[in-house]
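In: What would the 3D arrangement of this be:
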Amino acid sequence: MPSLRPAWARPGWTARITDWLDRQLAWAGRPRTGELEQQRTWSLSTLFRAETEPGALWLKSCMPRFHAEPALGRWLWEMLPDAVPGVLAIDAADRIVLLDEMDGPTAKDAGGEEAAPEAPAVLARIARMTEARVGELRAVGLHDRPLGQIAALLRPVLLGPDPVAAGALSPERAARIVDWVERQARDLETLGLGPTLVHGDFHAGNVAFHQGRLVVFDWSDAVVGHPLMDAAAWIWEAADDRALAARWETWVDAWSPRVPAVQLRPRLDQVLGVGAAHQLLSLDGILRAMEPALRHSLAWSAVAYTAVLDRLVPPG
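Out: Model prediction:
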């Protein structure tokens with residue numbers, strides 16, 4: 001069996017985890033009322049749904065790279081229970097988090113990012129809560145990805161001998177993109193925003209309506225970094241320039257308590273470009289942690305973010 005094959009694809013895992021789940025539910029006084037139903041499985045994670053008397057629960061287990069997600073999920077629920085799903089139990093060894101089911105659709109199912117224009121403000125509230133707590137984020141297992149290091153980390157991703165997350169760029173073009181990212185990141189640092197929790201994969205599929213409010217979930221890619229790095233995933237798939245500007249405006253509004261809108265609004269290309277580089281760093285790590293034969297299931301995303309950078313950076 002390939003060494004990177006996920007644990008949940010190996011014999012005996014489901015039976016063992018079902019036993020763990022039933023023990024957690026017995027302790028909580030809410031035993032299952034039906035079969036454990038698998039909802040999704042792939043190299044990064046697996047999802048199951050379980051009905052209980054008070055309501056359904058979702059069990060998520062993730063790849064070793066995402067070892068911090070369960071502890072982070074519980075920590076966020078303790079800090080801001082109205083902004084994230086409820087957490088019933090976690091297991092660090094198997095990287096499991098047991099979540100309350102959300103009663104509404106995701107923003108994606110409701111129509112996309114335009115269906116939840118307040119979502120960036122929800123994420124900004126979470127990020128600002130963590131400004132004075134980055135030590136706690138590191139304690140639950142998150143790594144740092146400072147704005148000033150993104151270009152240096154990107155260079156081997158695009159120019160290294162074994163690229164897995166790079167589009168079809170020539171070495172000359174890739175080097176020019178890295179230099180551009182370095183300059184833009186240096187300029188973004190002048191905004192004065194300190195390190196916070198960065199979601200890492202903030203799009204309409206990871207925001208849901210629940211009890212009349214928006215909650216943010218799926219914190220697998222979270223790091224400690226610059227809070228504007230989450231904007232790229234939210235805005236990059238806009239249908240046209242007008243829609244892109246409208247999505248960006250929701251971020252300008254969300255961060256206006258920290259940065260005057262007149263200073264932040266002109267930074268769209270910078271945030272989109274450096275944010276795309278941030279995404280490529282995540283994707284490089286994820287793809288290397290996946291079974292090589294299955295990398296195609298996520299490689300499209302790396303190609304797409306590379307294309308974003310190629311479009312933004314002027315030709316040499």
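
In: what's around L287, how many residues?
Out: 21 (other C-beta atoms under 10 Å). C-betas here are computed from N, CA, C, even on glycine.

In: And the one 5 residues further on, by the same measure?
Out: With neighbours defined by other C-beta under 10 Å, the count for P292 comes to 11.

In: quick one: the helices in the stretch 101-250 of the chain?
Out: Assigned by DSSP state H, counting those that start in this stretch, the helices in the stretch 101-250 of the chain fall at 107-110, 119-129, 134-139, 150-159, 171-188, 231-235, 241-254.

In: could you pull out the strands for this protein?
Out: 37-41, 45-50, 57-62, 87-91, 96-100, 144-145, 196-198, 207-210, 213-216, 223-225 (DSSP state E).

In: okay, those, which one's buried deepest?
Out: Of all those, strand 196-198 carries the top mean neighbour count, a mean of 26, counting by mean count of other C-beta atoms under 10 Å.

In: who does that one touch, helix- and strand-wise?
Out: Judged by 3 or more C-beta pairs under 8 Å, 6 or more residues apart in numbering; DSSP states H and E, strand 196-198 is in contact with helix 119-129, helix 134-139, strand 223-225.

In: among these, which is nearest G192?
Out: helix 119-129 (13.5 Å; C-beta to C-beta).

In: what's the angle from that closest one to helix 241-254?
Out: 30 degrees (axes from the mean of the first three to the mean of the last three C-alpha atoms, to 10 degrees).

In: And helix 119-129, what does it pack against?
Out: strand 196-198, strand 213-216, helix 231-235, helix 241-254.

In: average model confidence for the third one?
Out: Across helix 231-235, pLDDT averages out at 98.

In: same deal with stretch 247-263?
Out: 97.

In: report the longest helix in the protein, please.
Out: helix 268-289 (DSSP state H).

In: I'd like the distance from that helix to the chain centre, please.
Out: Centroid separation between helix 268-289 and its chain, computed with C-alpha atoms, centre = their mean, to the nearest Å, is 11 Å.

In: okay, the most centrally placed residue in the chain: pLDDT?
Out: For the chain, the residue nearest the mean C-alpha position is D201 (2.6 Å; C-alpha atoms, centre = their mean). pLDDT for D201: 98.

In: Phi first, then psi, for it.
Out: When read as degrees, to the nearest 10, the backbone of D201 gives phi -150, psi 50.

In: For it, which non-adjacent residue is spatially closest?
Out: D221 (4.5 Å; C-beta to C-beta, 6 or more residues apart in numbering).

In: Which neighbouring residues are in contact with that neighbour, exactly?
Out: 66, 199-201, 282, 286 (C-beta atoms under 8 Å, 6 or more residues apart in numbering).

In: same thing but 6 Å
Out: Going by C-beta atoms under 6 Å, 6 or more residues apart in numbering, D221 touches 200-201, 282.

In: closest to E101 among the residues you listed?
Out: Each of the contacts of D221 was checked against E101 using C-beta to C-beta; the closest is D201, at 20.4 Å.

In: Nearest residue to T52 in space, ignoring adjacent ones along the chain?
Out: Excluding its sequence neighbours, the residue lying closest to T52 (C-beta to C-beta, 6+ apart) is R30, at 4.2 Å.

In: give me the low-pLDDT residue ranges for the chain?
Out: Scanning the chain for pLDDT under 70 picks out no residues.

In: The longest helix of the chain packs against which elements?
Out: Secondary-structure packing of helix 268-289 (3 or more C-beta pairs under 6 Å, 6 or more residues apart in numbering; DSSP states H and E): helix 150-159, helix 171-188, helix 231-235, helix 296-312.

In: Show me which of those has the highest average neighbour count.
Out: Comparing the helices and strands packed on helix 268-289 by mean neighbour count (mean count of other C-beta under 10 Å), helix 231-235 comes out on top with a mean of 24.

In: Can you tell me the number of residues neighbouring the closest residue to P31 other than its chain neighbours?
Out: Excluding its sequence neighbours, the residue lying closest to P31 (C-beta to C-beta, 6+ apart) is L25, at 5.2 Å. The tally of other residues near L25 (other C-beta under 10 Å) stands at 19.

In: follow-up on the earlier one: which of the helices and strands packed on strand 196-198 sits closest to P315?
Out: Closest among the helices and strands packed on strand 196-198, using C-beta to C-beta: strand 223-225, at 29.1 Å.

In: In its sheet, which strands sit next to the closest one, and in what direction?
Out: Strand pairing for strand 223-225, determined by DSSP bridges: strand 144-145 (parallel), strand 196-198 (antiparallel).

In: The residue lying closest to A245 once chain neighbours are set aside: neighbour count?
Out: Among residues not flanking A245 along the chain, L268 sits closest, at 7.2 Å (C-beta to C-beta, 6+ apart). Using other C-beta under 10 Å, L268 has 20 neighbouring residues.
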